[in-house]
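**Student:** Need the 3D shape of this:
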Amino acid sequence: MKPGPRNLITDVEGLIVGNAADARLKSGVTVLTSADRFTAAVHVMGGAPGTRETDLLAPGRMVETVDALVLSGGSAFGLDAASGVSDGLRAAGRGLTVGPVSVPIVPAAILFDLTNGGDKAWTENPYHALGRAAFEAAGETFPVGSEGAGTGATTGTLKGGLGSASLVLDSGHTVGALVAANPYGSVTVGNGPHFWAAPFEVDGEFGGLGPSPETPGLVQPANRKGEAFASGANTTIAIVATDAALTKAGAQRMATAAHDGMARAIVPSHTFFDGDLVFAAATGAKPPGDDPHTLLMLGHGAALCLARAIARAVYAARPAAGDTLPTWSETVRDDPADRSKGA
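**Tutor:** Below is the predicted model of the structure:
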């Protein structure tokens, strides 16, 4: 297995991604879509999810395909981003045909970034416009780090961000991941610069430091700035995708397996305070992937991509005025012992 040419989820042919953000708000939206509708599923493991139109993704529900998937900041306010994306799709004549009407199907998930230092004193919900802008910006290449839904993301100890990664499997199928990393837990070991996901890194994509030389057996969960625990105040939301033809049941199995990647990259993960969620998208451009071995490898590849994407999100995060936490690169530069190792 090796990464695709972009090392992005858009290495899955046909998929495009768009970002939009408001620097003053310290928040944003990320949209994954395609010229053609695609099979989608979802699996939730966090204790405090925020979602729209996810029930219809379950196997056995009538709707088989969707038009776009949305990741957004803004907590519950961010769910309005999907309405902006729906407006853009409708203007383009896209959607599920129901008689004379086309109804765009746009499942969405949100993360909590309302206490990240941004200006949240809006009088009109900004996420509808951000969703429309992200949809209109969609393309095959996009930046990671402090972008889109990851603009104002934070982790237990560092600034979070938007990440992506891909792999081409031996079967010829491509798998990719897209993530807005905003977890309660930490993505680095202790107070050092080494990522939990280091054993899965490819070609120095997040600094090349390798595993921590002193990986602790137990890591005390970080309580951000001494704040009281608040249900739903974090969350890592992700999309994994493939060009294999999958049923909704097969896509759901891939989403479930991908959660292993989240657990490899974040400690602790899937907490009661996170709404951790993984969407799966399958374009169906290549032969079916529902035989047991291929489905196993798709899930394994998705987990590897998600772990790497989470680390890439934090590695690429950029500092901005008013940030409440440092970026990974700032932490490395400030530690004389690590100045020769990265950033």
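
**Student:** can you point me to the longest strand in this structure?
**Tutor:** Ranked by residue count under DSSP state E, the longest strand found in the chain is strand 27-44.

**Student:** Check which strands are paired with that strand and give the direction for each one.
**Tutor:** Take DSSP bridges as the rule and strand 27-44 pairs in its sheet with strand 15-22 (antiparallel), strand 65-72 (antiparallel), strand 277-288 (antiparallel).

**Student:** Can you point out the buried residues in the helix or strand that the last one is followed by?
**Tutor:** Put plainly, it is strand 277-288. Counting by DSSP states H and E, the next helix or strand C-terminal to strand 277-288 is helix 292-315. Under the neighbour-count criterion of 16 or more other Cβ atoms under 10 Å, helix 292-315 has 294-295, 297-315 buried. Backbone N, C-alpha and C define where each C-beta goes, glycine included.

**Student:** and residue 267, how far is that from residue 277?
**Tutor:** 18 Å (Cβ to Cβ, to the nearest Å).

**Student:** For the two, work out which one has more neighbours and name it.
**Tutor:** residue 277 (26 against 20; other Cβ atoms under 10 Å).

**Student:** wait, isn't that one in contact with residue 51?
**Tutor:** Yes - between residue 277 and residue 51 a contact is recorded at 6.9 Å, counting by Cβ atoms under 8 Å.

**Student:** Identify the contacts common to these two.
**Tutor:** 42, 44, 109 (Cβ atoms under 8 Å, 6 or more residues apart in numbering).

**Student:** Kindly reformat those residues as a markdown table and extend each row with neighbour count, distance to residue 148 and pLDDT.
**Tutor:** As requested, these are exported to a markdown table (neighbours: other Cβ atoms under 10 Å; distance: Cβ to Cβ, whole Å; pLDDT from 0 to 100):
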| residue | neighbour count | distance to residue 148 | pLDDT |
| --- | --- | --- | --- |
| 42 | 25 | 19 | 97 |
| 44 | 20 | 21 | 95 |
| 109 | 31 | 13 | 97 |
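
**Student:** which one of those sits closest to residue 99?
**Tutor:** residue 42 (27.5 Å; Cβ to Cβ).

**Student:** I'd like the shared contacts of residue 277 and residue 51 as JSON lines, with distance to residue 135 appended.
**Tutor:** What follows is the shared contacts of residue 277 and residue 51, written out as JSON lines (distance: Cβ to Cβ, whole Å):
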{"residue": "42", "distance to residue 135": "20"}
{"residue": "44", "distance to residue 135": "24"}
{"residue": "109", "distance to residue 135": "16"}
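
**Student:** Among those, which one sits closest to residue 24?
**Tutor:** residue 109 (23.7 Å).

**Student:** Quick check: beta-bridge partners of the closest one?
**Tutor:** residue 51, residue 71.

**Student:** which ones are touching it?
**Tutor:** 49-52, 54, 70-72, 237, 275, 277, 279.

**Student:** Break down the stretch 101-250 of the chain into its helices, ranges please.
**Tutor:** Using DSSP state H, counting those that start in this stretch, the helices of the stretch 101-250 of the chain run over 127-136, 248-265.

**Student:** Mind giving me the packing neighbours of the longest one?
**Tutor:** Under the contact definition 3 or more Cβ pairs under 8 Å, 6 or more residues apart in numbering; DSSP states H and E, helix 248-265 sits against strand 27-44, strand 237-245, strand 277-288, helix 292-315.

**Student:** Is it possible to get CSV of those that adds distance to residue 251?
**Tutor:** Converted to CSV, the helices and strands packed on helix 248-265 look like this (distance: least, Cβ to Cβ, whole Å):
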stretch, distance to residue 251
strand 27-44, 4
strand 237-245, 8
strand 277-288, 4
helix 292-315, 9
